[in-house]
Every structure is written in C-alpha cells, then in structure tokens.
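**Q** okay, structure incoming, though there's no sequence with it:
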Ligand SMILES: Nc1ncnc2c1ncn2[C@@H]1O[C@H](COP(=O)(O)OP(=O)(O)O)[C@@H](O)[C@H]1O
Ligand SMILES: [Mg+2]
C-alpha cells in the first residue's frame, strides 16, 4: 500500500522538517505559520479544564498549502483560531510571519472562511463579498468582487440575500469573501462541508486553480481525505483529543492535479494510507 | 386545508366584544354612576367645547411624551455607547439604570417639580421611563451579534467603530424597535402621570380635575384619549419593528 515513491512518511511532530527539506536546493522559504509546543486547554468552570491540543507543532512555509485532517473534536478548528489570533495558546508559541497572529488580521492580510459561514443576513451576496474592503476602509474593487462571484459560480445571485441561498452557496460566498483582499494567509475551516460531492469536487478544482495562480499560504481543515490529498502540499493528520500531530504526509504529485488523478494508483495509495491512520482513532473509540 | 380566520379579524372581534361589554356595563349601571355607557362618552366628545378641551390637553400630553421619548432615547443611546466602548463603565451604568427605574415616580415627581419645574416635569418623567427601557434595549441589541460574526469582523481587522457601524447597529435594530414598542406607551403614561403634579395643561391635568369635580364623562373622555394615543404609539412602533426584523435578520 505504501510502495509509492511520493509517500514520504514521517514520524509525528516533525512537521518542521518537511519545510526544511528543500533548503538544500533553494534558499529556505520563509516560515509563514509556526506553532511550537502549543498546548491549548479550555476552562470549563468548576476548576475543570479540557485540553484540546497538546504539544502541538506545525510549520507552514510561505506559499505552502497544508491540510489538517483529524477526527471531529480533535482541535482542528482550535489550531485555526490560534493562527487567527482569536484564541491565545495556554502555552507554547504561535507566530504568523514571525509576528503575533493578530498583527496579520489588523493589517487586513488574513482571509478566513469559518465552519459556520457567518454571512451578514441583511446584505446581498455582492455586499457580503465586498465586506473585507469596507472593514479595511478601502474603496471596494467591484471588478474583483464580480470576478470572485464568477469564480465561485454565483453569477445571477449577486443581489440575493443569504437566507435565499442553500448551505453550499453560503459557504461559497464565505470563501469568496475570504479571498477578496488577496490575503497573505488563507484559513479555511471545512469550507466545503455543506456541498454535495459533485459541487465539492468542482469547488476543489476552483480552489486549486486560484491557489496555483497566487500560491497563498493556506491552511485547510477538512474531513475529506481525497480533498486533502488533491489540494495540499502536505497533509497533517491529528490524533484524537487532545490533538497532536500523528503523521505528516508530503504529497508531491504534480500540479495542476485534475480530477482524474483521484483514480491513479498513487493517489489511491496515499488516500488509503491516511484513511487507515484516521481509523486508528475510530477503532480506539 | 382548514380555513383560519385572519389575525385582523380576530383582533377586530376582540375589540368589538370589549366595547360591547363596556357599553352594557354602562347601560345597565351595575358598576354605578361612575361607569357611563361608551356611547355617552363618544357623544360627549362630539360636542365642540369638550372636543376643544380634550384636543388641547391631548396636544400638550403628546408633546411632553414626544419630548420624553426623544430625551430618553438620546440619553439611553449615549449611555449604551459609553458602556459599549468603555466596558468598565458597564456595571455602573446598569446599576444606575435599575436604581432610576426602581424609584417610584410618585416619589420622584415632587423632586422634579422643584428642580425642572411644573412645565417640564411630564417630559422628564416620560424620559425616565423611556430611558430605562431603551437603555436595556440598546445594550442588549449592541451585544446581540453572534460570536462568529464578531470573529469574522476581528479576522478582517475591523476597527471598533467600524464593527459598531456595520455589525452591532444593524444587529441591534430589531431589539431596539422591540424596546420602542414598550417605550412609546411608557412615554405617554409617564407624561400623563407627570401632569398630575401641577402641570398647567394635559390629559393628566384633565383626569385629575375631572375626578375632583366628578365630571364622569370628561374623566372617561380624557382616559380614553390617553389610551388611544398610547395604542397608536404602540402600533406605529410594532410596525417599525416588523420592518426591522424583515430587513435585518
Ligand atoms: N471556547 C471553547 N471552550 C471550551 N471548549 C472548547 C472551546 N472551543 C473548542 N472547545 C473544545 O475543544 C475541542 C476541540 O474543538 P475543535 O477545535 O472545534 O475541534 P474540531 O474542529 O477538530 O472538530 C472540542 O472538544 C471542543 O468542545
Ligand atoms: Mg471544527
């Protein structure tokens, strides 16, 4: 199953080495996101605490696409929230572009699509996508907004309000909103969760295309193993709670990866291997 | 499919029953001479002299209530914004609002007459009632944005004033108009009560003097007018509220 040459399996927790491995060839790409020995525990009151992440290490190079894969409740969203600066680590260090995570948000260079789409119910699709311009107090680039509407396949729905859209359409608006300012760092929390399989693959393709154009540093949380392998340079598999890095899978299949790659033996081998790793937890539960 | 009577029909039937019962009580005289038939009250209001008296009083009360409403809303909005931007002030402002609300108006009115004067007391009493209701509505409304919406605004680097303008205020509007539906009748009640303590004119003055002189029809005419004014204010606010819900949720 692991005969594939690209299946470079590493031991858990050594996420940084993959980013460093290219150093011999080219100058080391700058580290865009770094989580070092991060522990995150939540106060549940009555002196009870819940540890969501423990001794968690992750390094994402500039322009790299990393997917986080893990059982639900293992702390994937927590990792994303730490990177946004919305949550402070209990211990350990979180850096984005070598600075405190909140700095990137303050300078409007962060793009996030949350698990709950969180669109403004009183605004149209077009206005929702334009929101980051307004929050950055910049003139809205309507050409860019309309380009993204085309990209996520919502032409004809510009004036619709969120409640008139399906769950999948709302998620696409949230993705467009995350992309509209061409951010330095893109964080996507199960952005395709509400989509049907066909639309999901189509959106995967669109995201891959956008990414290949701009190489935005991207951290994607997903349940979908195929989606992770299709999109990511590296897939990080988390253990069950408390979340740690169980395994880091480098995927160096050539891009652009078209949908037919999902049928190749190489692709299937990686997917099967990662699915097995996820199953370890399910069996233990 | 079952046919349901529309809401307006139910409401109309309810009001008609109420009017009929009030009329019957008056006609039969079972509640004594102080409960006249409603038709007599309406007939009394049709007389030009009575009409002019009530209308003059109505104008004065409506003006006091209107001023009270505006004052109450302005002060409540300022207090709510202070609480929003300077969180340490929040507990103090909450306490102040509840204390002001807990003091009985009857106890406050003599104090007001000596400080703001007989003319302005009705508006200030109305403003006190309105201020409390609207402060609660504003603070609840401004805090009403969902955690995820707040997160979205944070991660896109929104300044606090931008978040107020583009998230908190739109989110608060249905709650604020809900508050207004309570505050509008409160303003009219407050103005009327405020007039009991020696105001020169108004429905409250009319009610007190009619009571003292046993002018039953005038008493009922004034009370009925106050009730209708209050109802009208309530209905306008409810209409605005449903508009806000449709637009902002
Ligand atoms: N603010 C919070 N307070 C308490 N517990 C939390 C909080 N946020 C997340 N958790 C808990 O942390 C764990 C990990 O959550 P999360 O990161 O959302 O998991 P995932 O996204 O992988 O499903 C869960 O058990 C969740 O209940
Ligand atoms: Mg999650």
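**A** Cool, got the structure. Because the structure is predicted, anything quoted here is derived from the model rather than measured. Numbers count the residues shown, from 1 in each chain, chains lettered A, B, ... in the order given. Ligands and ions are numbered 1, 2, ... in the order given.
**Q** rest of the way, CA atoms for contacts and neighbours
**A** OK.
**Q** and the residue of chain B found nearest ligand 1, how many neighbours?
**A** Residue nearest to ligand 1 within chain B: residue B:147 (10.5 Å; CA to the nearest ligand atom). For residue B:147, the neighbour count with other CA atoms under 10 Å in any protein chain shown is 10.
**Q** gap between it and chain A?
**A** 9 Å (CA to the nearest CA, to the nearest Å).
**Q** need the contact list for residue A:83.
**A** A:33, A:94, A:95, A:96, A:101 (CA atoms under 8 Å, 6 or more residues apart in numbering or on different chains).
**Q** and the last one, how far is that from residue A:135?
**A** Think residue A:101. 18 Å (CA to CA, to the nearest Å).
**Q** of these two, give the one with the bigger neighbour count.
**A** residue A:101 (24 against 19).
**Q** helices along chain A, start to end?
**A** Secondary structure of chain A (DSSP state H): helices located at A:15-20, A:76-84, A:101-106, A:125-135, A:142-151, A:167-179, A:197-214, A:225-231, A:265-284.
**Q** what does chain B give?
**A** B:7-28, B:38-46, B:48-85, B:89-102, B:105-115, B:121-142, B:147-155, B:160-163, B:169-194, B:203-212, B:216-248.
**Q** and the stretch 1-150 of chain A, which residues reach chain B?
**A** Selection of the stretch 1-150 of chain A residues close to chain B by CA under 8 Å from any CA of the partner chain yields A:84, A:86, A:102, A:105-112, A:114, A:116, A:118-122, A:132, A:135-136.
**Q** for residue B:35, give its distance to residue B:14.
**A** Look at residue B:35 and residue B:14: by CA to CA, they are 21 Å apart.
**Q** ugh, typo on my part, it should be residue A:198
**A** Taking CA to CA as the measure, residue A:198 and residue B:14 are separated by 56 Å.
**Q** quick one, which of those two is more surrounded?
**A** A direct count of neighbours by other CA under 10 Å for residue A:198 and residue B:14 places residue B:14 higher, at 12 against 9.
**Q** measure how buried the residue of the stretch 1-150 of chain A found nearest chain B is and give me the count.
**A** Residue nearest to chain B within the stretch 1-150 of chain A: residue A:106 (4.2 Å; CA to the nearest CA). Using other CA under 10 Å, residue A:106 has 16 other residues around it.
**Q** show the pLDDT at the closest residue to it other than its chain neighbours.
**A** Distances taken as CA to CA, 6 or more residues apart in numbering or on different chains put residue B:157 closest to residue A:106, at 4.2 Å, once the chain neighbours are dropped. Note on residue B:157: pLDDT of 95.
**Q** now do residue B:157 against residue A:136, distance only.
**A** For residue B:157, the distance to residue A:136 - CA to CA - is 7 Å.
**Q** neighbour count: those two, which is higher?
**A** Per other CA under 10 Å, whichever of residue B:157 and residue A:136 has more neighbours is residue B:157, with 24 against 20.
**Q** ok, the more buried one touching residue A:101?
**A** No - Residue B:157 lies out of contact with residue A:101 (CA atoms under 8 Å); the separation is 11.6 Å.
**Q** now do the contacts for the residue nearest the centre of chain A.
**A** In chain A, the residue lying closest to the centroid (CA atoms, centre = their mean) is residue A:220, at 1.3 Å. Remark: with contacts taken as CA under 8 Å, 6+ apart, residue A:220 is in contact with A:65, A:66, A:67, A:68, A:187, A:188, A:189, A:190, A:228.
**Q** got the contact list for the residue of the stretch 1-150 of chain A closest to chain B?
**A** Contact partners of residue A:106, counting by CA under 8 Å, 6+ apart, are B:154, B:155, B:156, B:157, B:158.
**Q** residue B:197 and residue B:111 touch, don't they?
**A** No - the criterion here is CA under 8 Å, and residue B:197 misses it with residue B:111 at 10.5 Å.
**Q** how close does the closest residue to residue B:101 other than its chain neighbours sit to residue B:235?
**A** Nearest residue to residue B:101, sequence neighbours excluded (CA to CA, 6+ apart): residue B:132, at 6.3 Å. According to CA to CA, residue B:132 stands 20 Å off from residue B:235.
**Q** since that was my last question, I'll sign off now.
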